[in-house]
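In: Generate a structure from the sequence data that follows.
(chains A and B)
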Amino acid sequence: MVQIKNLHASIAGKEILKGLTLDIPDGQVHAIMGPNGSGKSTLSYVIAGREGYEVTGGEILLDGQNIMAMAPEERAAAGLFLAFQYPVEIPGVAMTMFMKTAINGIRKQRGEGEIDALDFLKLMKKKQAELGMSDEMMKRAVNVGFSGGEKKRNEVLQMAMLEPRMAVLDETDSGLDIDALKVVADGVNKLRSDKRSFLVITHYQRLLDYIKPDVVHVMAAGKIVKTGGPELALELEKTGYAEYAA
Amino acid sequence: MSSITQETIDQVEALGGKYEAGFVTDIESEKAPKGLSEDTVRFVSAKKGEPEWLLEWRLKAFRHWQTMPEPTWAKVNFPEFDYQDAYYYASPLTKNKPKSLDEVDPKLLETYEKLGIPLREQEMLAGVAVDVVFDSVSVATTFRKQLAEQGIIFCSISDAIKEHPELVKKYLGSVVPYHDNKHACLNSAVFTDGSFVYIPPGVKCPMELSTYFRINEMNTGQFERTLIIADKGAYVSYLEGCTAPMRDENQLHAAVVELITHDDAEIKYSTVQNWYPGDENGKGGIYNFVTKRGMCEGKNSKISWTQVETGSAITWKYPSCILKGDNSQGEFYSVAITGNYQQADTGTKMIHIGRNTKSRIIAKTISAGKSDSTYRGQVKIMPKAINARNFTQCDSLLIGDQCGAHTVPYIESRNATAQLEHEATTSKIGDDQLFYCQQRGLSEEAAVALIVNGFCKEVLQNLPMEFAVEAQKLVAISLEGSVG
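Out: Numbers count the residues shown, from 1 in each chain, chains lettered A, B, ... in the order given. Got it, this is the predicted structure:
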């Protein structure tokens, strides 16, 4: 599904990703762990196509298609989703409005008509209920006045609504207490299917107790330095990242 | 190859098609001789068959106008306007005044349909009574009869001068005197038409009253005059929408709107203004120099202004409230959007005279391109205004790094019991907000429209429903191409 080949990327002339290669087949969950500053968040932004990140080499293929020249919204329409580490506030724009605009934005790019208003509300209700989010929350402006846990749940809700082919979760566990972590993990697990893949970026093994990865990678200094099964995460929890430090 | 061709077509269309209301209706019209003199004033007055007192009033205004300097305190720049190089009266040539829409020139109706206001449909379906001003003469007034049954008068000001001279004489110039400022003075001298509304005591107007203004004739200033009176306990909501076709010349629009509320009465006045703003090089566009003021004459009365200003090359406009009656309230909700080389200097004045008077100001300013936008507002508490309260919030949003936004509040309190609050923020649309929206599937333009609409929400939600939807679309259209 997703192949990243020898990816190099810099910010303001400083190289952050230094030849990263990754292959995530259909239906698999891959975790990337690594110390601060190893380039994990940069990787998520480069995959999503954020401006300001200069790709100096390599490519990313989604379902065999090179996405490097695509705008962020085109990548979204191609089925890519990024759950943000720090979800952004948009004052005055109600969640339902935002979600509907997003769905229609994607449908438009795919040459489909707008979603039926009633179908949309039904879908929204269903997904909300699964994540324990109230109607009142959906009337609030996007992420405004949301607690840390609510923001992360909101990211998972959006993912559930947009049904991506490939989801990147950037430190979705950061700032969550154990109960919130379970809710978020449950949400992700419900979305697991053989047609959907995940790349879970985290510092801690804890999240991987709830979202069981198929493959674990260790990232350091802009590269994947080690790849293994779920047991690699447990090992890291014991040994730390010291041996991978640049 | 084919994609290049398509791209070229798209670009050409983008250049030509930006301003959707930019078309000209080909109708013969009758104009006053070019230039401004006492003769012009007499011509206008005679054309309209006005009584002597009104001609005298116009002439007084004209003589005073000649002595007044141009106001220069606003933060706008433009070459001096040549008043002698413009026409002050243009009327579509029709033999007799139409008695119903069937008699109206079909070309006029077509124009309105292009603007998205099919009169007939509005009349039949929407329940909106529309008084349409085409250049200077009101061509059709709908729903007049139904309103008349409740004693409501809704007609052109020309008709009101003929049919209700006592009301016009009593209130015209009572809120905005003819010598108020240079532009109001000019309007008093040469105003050609506008709307008149009178709501009798205790009557709640059962529908939104609406006027669409449109400047069509080349080189014609439009000087409409609107007068709305809500008698004791009356209520009315009035909508004003404006468009103008594209012209290279800078056209002058100097309107005056006067509102009067008596005891326990309320007027809600909403404007959506998208006059032609000039092209992307700053050529052409309307000079929108408007004096709007409301007088809360009676106790417990209320005047609420809501405006969405997206058009005009230059906007100079301060819808104000004089809170004379005890417990009276004034509100001002404003969204001003400028792009390209547009300049806007807009805001409000809240003059607290009566006791326990309250005012509320919410102003949202959005600047893009090379535009410059200023909020200018005055809150004045007079000595007898015990327990006066004001809340002001001014938020500016910048798009890009070549535009400007300024907030200029004037606050004057002469009574120690007053409570005044002022909040102001300036922000830029964040890259992180744009990226977040784009990652969810929105194009950059859709993202900007969404973020800006969110920013303006507090103001837009004050518009009547059908207008709010239109305004949201207008916000999106006026910011097209402002990013990237």
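In: and stretch A:52-66 with chain B, contact?
Out: Yes - against chain B, stretch A:52-66 shows contacts by CB under 8 Å from any CB of the partner chain at residue A:52. Bear in mind the C-beta positions are built from the backbone N, C-alpha and C, glycine included.
In: Buried ones in that stretch, by neighbour count?
Out: The neighbour-count check on stretch A:52-66 (16 or more other CB atoms under 10 Å in any protein chain shown) flags A:53, A:58, A:60, A:62 as buried.
In: And the residue of chain A closest to chain B?
Out: Going by CB to the nearest CB, chain B is nearest to residue A:92 of chain A, at 3.0 Å.
In: Identify the residues contacting that residue.
Out: When contacts are counted by CB atoms under 8 Å, 6 or more residues apart in numbering or on different chains, residue A:92 touches A:141, B:453, B:454, B:455, B:456, B:457, B:458.
In: Surely residue B:87 and residue B:43 touch.
Out: No - the pair formed by residue B:87 and residue B:43 falls short of the contact definition of CB atoms under 8 Å, at 10.7 Å.
In: Point out the residues in chain A that sit beside chain B.
Out: So chain A meets chain B at A:48, A:50-52, A:71-73, A:75-77, A:81-82, A:84, A:87-93, A:97-98, A:101-103, A:105-106, A:109, A:141, A:158, A:162 (CB under 8 Å from any CB).
In: can you tell me which of the buried residues of stretch A:52-66 are in strands?
Out: Using DSSP state E, the members of these that fall within strands are A:53, A:58, A:60, A:62.
In: What's the separation between the residue in chain B that chain A sits nearest to and residue B:399?
Out: Residue nearest to chain A within chain B: residue B:454 (3.0 Å; CB to the nearest CB). Distance of residue B:454 to residue B:399, computed by CB to CB, to the nearest Å: 14 Å.
In: again with residue A:146
Out: Taken as CB to CB, the span from residue A:146 to residue B:399 is 26 Å.
In: Which one's more surrounded, the two?
Out: residue B:399 (21 against 18; other CB atoms under 10 Å in any protein chain shown).
In: Need the per-residue pLDDT for the more buried one.
Out: Confidence at residue B:399, expressed as pLDDT, is 86.
In: how about it, what does it touch?
Out: Residue B:399 neighbours (CB under 8 Å, 6+ apart): B:366, B:367, B:368, B:369, B:428, B:429, B:448, B:479, B:482, B:483.
In: neighbours around the closest residue to it other than its chain neighbours, how many?
Out: Leaving aside its chain neighbours, residue B:399 sits nearest to residue B:368 (3.9 Å; criterion: CB to CB, 6 or more residues apart in numbering or on different chains). A total of 25 residues lie near residue B:368 under the criterion other CB under 10 Å.
In: Quick check: residue B:368 touching residue B:403?
Out: Yes - Residue B:368 lies in contact with residue B:403 (CB under 8 Å); the separation is 5.8 Å.
In: Could you name every residue contacting both of these two?
Out: By CB under 8 Å, 6+ apart, residue B:368 and residue B:403 have these common neighbours: residue B:338.
In: what helix or strand does residue 186 sit in?
Out: Since no chain was named, I'll use chain A. Counting by DSSP states H and E, the element that carries residue A:186 is helix A:178-191.
In: switch to chain B, that's the one I care about
Out: Secondary-structure assignment from DSSP H and E places residue B:186 in helix B:182-190.
In: and that helix, what does it pack onto?
Out: helix B:38-47, helix B:52-67, strand B:256-261, strand B:285-296 (3 or more CB pairs under 8 Å, 6 or more residues apart in numbering or on different chains; DSSP states H and E).
In: so who does residue A:138 touch?
Out: A:94, A:95, A:96, A:99, A:124, A:128.
In: buried ones in the helix or strand hosting it?
Out: Per DSSP H and E: residue A:138 is located in helix A:135-139. Residues of helix A:135-139 classed as buried by neighbour count (16+ other CB under 10 Å): A:137, A:138.
In: If residue 226 is in a bridge, with which residues?
Out: Went with chain A since none was named. residue A:218 (DSSP bridges).
In: you looked at the wrong chain, it should be chain B
Out: residue B:257.
In: Show me just the buried residues among the residues of chain A next to chain B.
Out: Among the residues of chain A next to chain B, those that count as buried by neighbour count (16+ other CB under 10 Å) are A:48, A:50, A:72-73, A:75-77, A:81-82, A:84, A:87-93, A:97-98, A:101-103, A:105-106, A:109, A:141, A:158, A:162.
In: still on that earlier bit, got a markdown table for the buried residues of stretch A:52-66, with distance to residue B:159 too?
Out: Output for those, formatted as a markdown table (distance: CB to CB, whole Å):
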| residue | distance to residue B:159 |
| --- | --- |
| A:53 | 65 |
| A:58 | 75 |
| A:60 | 69 |
| A:62 | 67 |
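In: Just give me the closest of those residues to residue B:63.
Out: Nearest to residue B:63 among those: residue A:53, at 67.5 Å, using CB to CB.
In: ok, the closest one - contacts?
Out: Per CB under 8 Å, 6+ apart, neighbours of residue A:53: A:9, A:10, A:11, A:42, A:45, A:46.
In: just checking, residue B:325 touches residue B:296?
Out: Yes - with contacts counted by CB under 8 Å, residue B:325 reaches residue B:296, the gap being 5.1 Å.
In: More neighbours: these two, which one.
Out: residue B:296 (33 against 25).
In: Show me what the more buried one is bridged to.
Out: Here residue B:296 sits in beta bridges with residue B:261, residue B:323, going by DSSP bridges.
In: residues touching it, list them.
Out: By CB under 8 Å, 6+ apart, the contact list for residue B:296 reads B:261, B:302-303, B:321-325, B:328-330, B:354, B:357.
In: The same query, at a cut-off of 6 Å, please.
Out: Residues in contact with residue B:296 (CB atoms under 6 Å, 6 or more residues apart in numbering or on different chains) are B:261, B:303, B:323, B:324, B:325, B:328.
In: quick one: the helix holding residue B:186 to helix B:38-47, angle?
Out: Here the directions of helix B:182-190 and helix B:38-47 differ by 50 degrees (axes from the mean of the first three to the mean of the last three CA atoms, to 10 degrees).
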